[in-house]
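> Need a 3D model of the sequence below.
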Amino acid sequence: MNKVALGLVVGGILGAVDGLSALVSAPETQPQIVGIVIGSTIKGIIAGVLIGWFARKVSSVTAGVVFGFFVGLVLAFLVALMPDESGKHYWWQIMLPGSIVGLIVGYATQRYGAVARA
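The predicted structure follows:
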């Protein structure tokens with residue numbers, strides 16, 4: 001599978017898992033879990049495509065992991081900026097798993113993605 005498609009698939013799957021982690025890290029969000037999972041899946045897909053595109057341009061596992069980490073962190077930060085109904089922000093509960101998703105997708109796209117043919 002090419003690197004962009006692999007990033008899209010892995011990012012989408014891990015994004016859904018990231019959203020489900022809200023049940024553990026912030027149990028009070030349980031009534032909004034469907035929206036959280038959908039949003040996290042979309043965030044994972046966007047991160048996966050960006051990381052896959054980078055992996056296609058740069059052939060370095062280290063660079064891919066670092067880029068993936070920062071893409072995940074930035075996208076998670078943008079989501080964490082939005083408070084819930086009571087005004088509470090979930091900084092660590094969103095940014096930590098989001099950056100880990102980016103890190104894993106960065107590794108997966110560099111390590112397992114097919115190199116584009118010339």
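> for this structure, what's the longest helix?
The longest helix of the chain (DSSP state H) is helix 33-57.
> which element follows that helix toward the C-terminus?
Counting by DSSP states H and E, the element after helix 33-57 in chain order, helix or strand, is helix 61-80.
> what packs against that next one?
In terms of contacts (3 or more Cβ pairs under 8 Å, 6 or more residues apart in numbering; DSSP states H and E), helix 61-80 is packed against helix 33-57, helix 91-112. For the C-beta atoms, the positions are set from N, CA and C on the backbone; glycine is no exception.
> Could you pull up the mean pLDDT of it?
For helix 61-80, mean pLDDT is 97.
> Off-centre distance for that helix?
7 Å (Cα atoms, centre = their mean, to the nearest Å).
> mind putting the helices and strands packed on helix 61-80 in CSV, distance to L6 included?
Listed next are these as CSV, based on distance: least, Cβ to Cβ, whole Å:
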stretch, distance to L6
helix 33-57, 6
helix 91-112, 5
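> Residue ranges in this structure under the pLDDT threshold?
116, 118 (pLDDT under 70).
> go with 90
Where the chain drops to pLDDT under 90, the residues are 26, 29, 83-88, 114-118.
> Please, which helix or strand holds G12?
Using DSSP H and E, G12 falls in helix 3-20.
> What residues of that helix count as buried?
3-4, 6-16, 18-19 (16 or more other Cβ atoms under 10 Å).
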